[in-house]
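Engineer: mind looking at a prediction? Sequence and model below.
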Amino acid sequence: FDAVDIIRVKRDRGTLSPEQIDWTIDAYTRGVIAEEQMAALNMAILLNGMDRAEISRWTTAMINSGERMDFSTLRTPAGLALPTTDKHSTGGVGDKITLPLAPLVAVFGVAVPQLSGRGLGHTGGTLDKLESISGWRAELSNAEMMAQLSEVGAVICAAGASLAPADKKLYALRDVTGTVESIPLIASSIMSKKIAEGTGALVLDVKVGSGAFMKKLEDARELARTMVNLGTDAGVRTVALLTNMDTPLGLTAGNAIEVQESLEVLAGGGPADVVELTIRLATEMLEGAGVRDVDVEAALKDGRAMDKWRAMISAQGGDNDAPLPVAKESETIYAQADGVLTGLDAMDVGVAAWRLGAGRARRADPVQAGAGVRLHAKPGDVVRRGAPLATMLTDTPERFERARDLLIGAATISPEGSRPEMSLVLDRI
Ligand code: URA
């Protein structure tokens, strides 16, 4: 095969053969197809799409670029078989749901092998959040991961280098060539990792709205359907929830402050939207693993989920009793009018938290554990002129300048009596 011929096929709206797809992914992973050729092919795919058979083959080729994990032999220390279930979010602002969710599900005897990522751009990364806990380790060997799943039932760790290596290269390239927002490329990227991970059941949290890759409900539905088809065809029991990302989840966007908020949820409190989505996703994850009619909420209220969390954190070297890092500097912004807060733009808050130091501009940059945005009001709240709306947190106060106007602009205050659109779960596929 020849890379240029393959680019021409997609450029001219043709269909790639299974052999062409296998060769492309393999040759790119081995460095035979150049970055600029893959960039051109990605752009042709973004503009002209792929059909169902092409997406399926592309995903399989990405899985085959690395190792597949196998949890079929997983047992508890007492020798009981352990089913597995996992969740993946397409990325949002203030989305700390994985933190309370993984231990909560594990309470019910279903193992959660959660391979997570780091933040890039305005969306936070689960591993960056957990690394604000003193001593906590993201990198585990496969053997350590298996042992922790058997003993604790939940693990949140980094995907090893050998899991879908084609996606690692491809995602980094898409990130800098304007080719992230393609349904076939997002679906194959996410599902290749989740199928290679070997989970038995999967719940996809497909974000829709200003802070998400998919801004429109129809696009999010198509992405969800594409991913559910890929999972189902690979033998993974897969469902998708479409959930609102017009406004951040909870009252925090950052790293340590999101861990703090997750601890509130695990202690039976926390913001209503975070609790609602955690319970809904836990119920779906358990159903996928064949566990029905359990009282998920009770496990948050009575401390069982918190006990699992503490076991999960200490198994990875984390000190549950160490204080979380706190930003050195803070500055609060205030409401500019009386009324109802009808909007608090997720993208603006995400970019503000990122600029304050919670995220990174390049892959190798460090993040500030204490940085981020703490919200004092949520859409639907009545606010008075001069009341605090949000507090910016950072170790480097020169960053306030870059976040202040964004945060002020993020808030929409409407006349009293107005009602914002606030459904959290928009659809299920
Ligand atoms: N998350 C992924 O892992 N891949 C994408 O393409 C987009 C979001």
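Structural biologist: Thanks, I have it. Numbering: from 1, shown residues only.
Engineer: I'd guessed residue 276 sits against residue 424; true?
Structural biologist: Yes. If you go by C-beta atoms under 8 Å, residue 276 and residue 424 touch, sitting 5.9 Å apart. The C-beta positions use only the backbone N, C-alpha and C, and glycine is treated the same way.
Engineer: OK, contacts around the residue in the stretch 101-250 of the chain that the ligand sits nearest to?
Structural biologist: The ligand sits closest to residue 189 of the stretch 101-250 of the chain, with a gap of 3.5 Å, by C-beta to the nearest ligand atom. Shown in contact with residue 189 (C-beta atoms under 8 Å, 6 or more residues apart in numbering): 62, 167, 170, 171.
Engineer: sec struct for residue 32, please.
Structural biologist: Reducing the assignment at residue 32 to three states with DSSP: H, G, I helix; E, B strand; the rest coil gives coil.
Engineer: distance of it from the ligand?
Structural biologist: 23 Å (C-beta to the nearest ligand atom, to the nearest Å).
Engineer: check contacts around that residue.
Structural biologist: By C-beta under 8 Å, 6+ apart, no residues touch residue 32.
Engineer: where do the strands sit along the stretch 201-350 of the chain?
Structural biologist: 201-208, 237-244, 252-254, 329-334, 339-344 (DSSP state E, counting those that start in this stretch).
Engineer: correction: the previous question concerned the stretch 1-150 of the chain.
Structural biologist: With DSSP E, counting those that start in this stretch as the criterion, the stretch 1-150 of the chain has strands spanning 85-89, 112-116.
Engineer: buried deepest among these, which one?
Structural biologist: Here the criterion is mean neighbour count by mean count of other C-beta atoms under 10 Å, and of those the winner is strand 85-89, at a mean of 26.
Engineer: quick one: that one to strand 237-244, angle?
Structural biologist: Comparing the axes of strand 85-89 and strand 237-244 via axes from the mean of the first three to the mean of the last three C-alpha atoms, to 10 degrees yields an angle of 30 degrees.
Engineer: report all helices and strands that strand 85-89 contacts.
Structural biologist: helix 98-106, strand 112-116, helix 183-197, strand 201-208, helix 272-288 (3 or more C-beta pairs under 8 Å, 6 or more residues apart in numbering; DSSP states H and E).
Engineer: gap between stretch 322-340 and the chain center?
Structural biologist: Relative to the centre of its chain, stretch 322-340 is centred 24 Å away, using C-alpha atoms, centre = their mean, to the nearest Å.
Engineer: extract the CA atoms of it and return them as CSV.
Structural biologist: Output in CSV follows, covering the C-alpha atoms of stretch 322-340 (Å, rounded to 0.1, in the frame of the first residue of the first chain):
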residue,chain,number,x,y,z
ALA,A,322,-2.7,14.2,54.9
PRO,A,323,-4.2,17.6,54.3
LEU,A,324,-4.9,18.4,50.7
PRO,A,325,-2.8,21.2,49.1
VAL,A,326,-4.3,24.7,49.2
ALA,A,327,-3.6,27.5,46.7
LYS,A,328,-1.4,30.3,48.0
GLU,A,329,-3.5,33.1,46.6
SER,A,330,-7.2,33.7,46.0
GLU,A,331,-9.4,36.4,44.5
THR,A,332,-13.2,36.5,44.5
ILE,A,333,-15.5,37.9,41.8
TYR,A,334,-19.0,39.3,42.6
ALA,A,335,-22.4,39.5,41.0
GLN,A,336,-22.8,42.7,39.0
ALA,A,337,-26.7,42.7,39.2
ASP,A,338,-29.7,41.4,41.2
GLY,A,339,-31.6,38.5,39.7
VAL,A,340,-31.5,34.8,38.9
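Engineer: buried stuff in it?
Structural biologist: Residues of stretch 322-340 classed as buried: 325, 327, 329, 331, 333, 335, 339, 340 (neighbour count, 16 or more other C-beta atoms under 10 Å).
Engineer: out of those residues, who's near the ligand?
Structural biologist: Applying C-beta under 6 Å from any ligand atom to these, one finds that nothing falls near the ligand.
Engineer: using PDB, write out every CA atom in the lowest-mean-pLDDT helix or strand in the chain.
Structural biologist: Every helix and strand of the chain was ranked by mean pLDDT, DSSP states H and E. The lowest is helix 165-175, at a mean of 91. What follows is helix 165-175, C-alpha atoms only, in PDB (Å, rounded to 0.1, in the frame of the first residue of the first chain):
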ATOM      1  CA  PRO A 165      -0.300   2.700  21.400                       C
ATOM      2  CA  ALA A 166      -1.800   3.800  18.000                       C
ATOM      3  CA  ASP A 167      -4.300   6.000  19.800                       C
ATOM      4  CA  LYS A 168      -1.600   7.600  21.900                       C
ATOM      5  CA  LYS A 169       0.200   8.800  18.800                       C
ATOM      6  CA  LEU A 170      -3.000   9.600  17.000                       C
ATOM      7  CA  TYR A 171      -4.500  11.600  19.800                       C
ATOM      8  CA  ALA A 172      -1.400  13.700  20.200                       C
ATOM      9  CA  LEU A 173      -1.400  14.400  16.500                       C
ATOM     10  CA  ARG A 174      -5.200  15.200  16.400                       C
ATOM     11  CA  ASP A 175      -4.800  17.600  19.300                       C
END
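Engineer: may I see the buried residues of it?
Structural biologist: 165, 166, 167, 168, 169, 170, 171, 173, 174.
Engineer: just put those in a markdown table and tack on distance to the ligand.
Structural biologist: Shown next, in a markdown table, are the buried residues of helix 165-175 (distance: C-beta to the nearest ligand atom, whole Å):
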| residue | distance to the ligand |
| --- | --- |
| 165 | 14 |
| 166 | 12 |
| 167 | 7 |
| 168 | 10 |
| 169 | 13 |
| 170 | 8 |
| 171 | 6 |
| 173 | 11 |
| 174 | 7 |
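Engineer: which one of these is nearest residue 395?
Structural biologist: Nearest to residue 395 among those: residue 171, at 29.0 Å, using C-beta to C-beta.
Engineer: what's that closest one in contact with, if anything?
Structural biologist: residue 189.
Engineer: with that, I have no additional questions.
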